[in-house]
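S.K.: Here is a sequence together with a model predicted from it:
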Amino acid sequence: MMAVQGSINSLLGKKIGIWQTNFIVHLVAAIILVVILILNHNSISLSYFHDIPWFYFAGGVLAIIITYGVIVSIPELGVAVATTAIVTTQVLAAAVIDHFGLFGLDKIPFNWVKFTGIILLSLGVRLLLD
């Protein structure tokens, strides 16, 4: 879905602009989520916000940055290269988060097998560039 979404977002970005596209993408997502919450009889309560660490809410900011990166990278690199590069950097970031147990997650040690996998993913990105 990421490759499809990125392609569509990049095309829309060329038509209306990067930030406008980013806004539309998140607005449509927010509207759909509101409908889902209503249909599932869920409510949004602000009462629990004081018990949640501030960085738990960084997902919204990160979503804007990620969407921007996809919109910009796909026209420059192509869908295959951009998607592979994005997945590769996500795996590298995930390995760091696992290894150090960041954000309170369980620690999962980084080892040579994982290192080899990341190297192979990186080589795949390089091969796609040619």
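M.R.: Received it, and whenever you're ready, just let me know what you need.
S.K.: quick one: low-confidence parts of this structure?
M.R.: For the chain, no stretch has pLDDT under 70.
S.K.: For the closest residue to Ala3 other than its chain neighbours, the count of nearby residues, please.
M.R.: In space, not counting the residues next to it along the chain, Ala3 is nearest to Thr83; the distance is 4.8 Å by CB to CB, 6 or more residues apart in numbering. For glycine as for every other residue, the C-beta is placed from the backbone atoms N, C-alpha and C. Residues within reach of Thr83, counting by other CB atoms under 10 Å, total 21.
S.K.: helices and strands around the helix or strand Thr83 falls within, which ones?
M.R.: Taking DSSP states H and E as the definition, Thr83 sits inside helix 79-100. For helix 79-100, the packing partners by 3 or more CB pairs under 8 Å, 6 or more residues apart in numbering; DSSP states H and E come out as helix 2-16, helix 58-77, helix 112-129.
S.K.: Please list the outside residues in contact with it.
M.R.: Residues outside helix 79-100 that contact it (CB atoms under 8 Å, 6 or more residues apart in numbering) are 2-3, 6-7, 69-70, 73-74, 76-77, 102-103, 105, 107-110, 114, 117-118, 121-122, 124-125, 128-129.
S.K.: List only those of the residues you listed flagged as buried.
M.R.: If you count burial by 16 or more other CB atoms under 10 Å, the buried members of these come out as 3, 6-7, 70, 73-74, 77, 114, 118, 121-122, 124-125.
S.K.: could these go into JSON lines alongside distance to Tyr48?
M.R.: As requested, the buried ones among the contacts of helix 79-100 are exported to JSON lines (distance: CB to CB, whole Å):
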{"residue": "Ala3", "distance to Tyr48": "36"}
{"residue": "Gly6", "distance to Tyr48": "33"}
{"residue": "Ser7", "distance to Tyr48": "37"}
{"residue": "Val70", "distance to Tyr48": "31"}
{"residue": "Ser73", "distance to Tyr48": "36"}
{"residue": "Ile74", "distance to Tyr48": "37"}
{"residue": "Leu77", "distance to Tyr48": "41"}
{"residue": "Lys114", "distance to Tyr48": "35"}
{"residue": "Ile118", "distance to Tyr48": "37"}
{"residue": "Leu121", "distance to Tyr48": "38"}
{"residue": "Ser122", "distance to Tyr48": "41"}
{"residue": "Gly124", "distance to Tyr48": "42"}
{"residue": "Val125", "distance to Tyr48": "41"}
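S.K.: That concludes my questions; thank you for your assistance.
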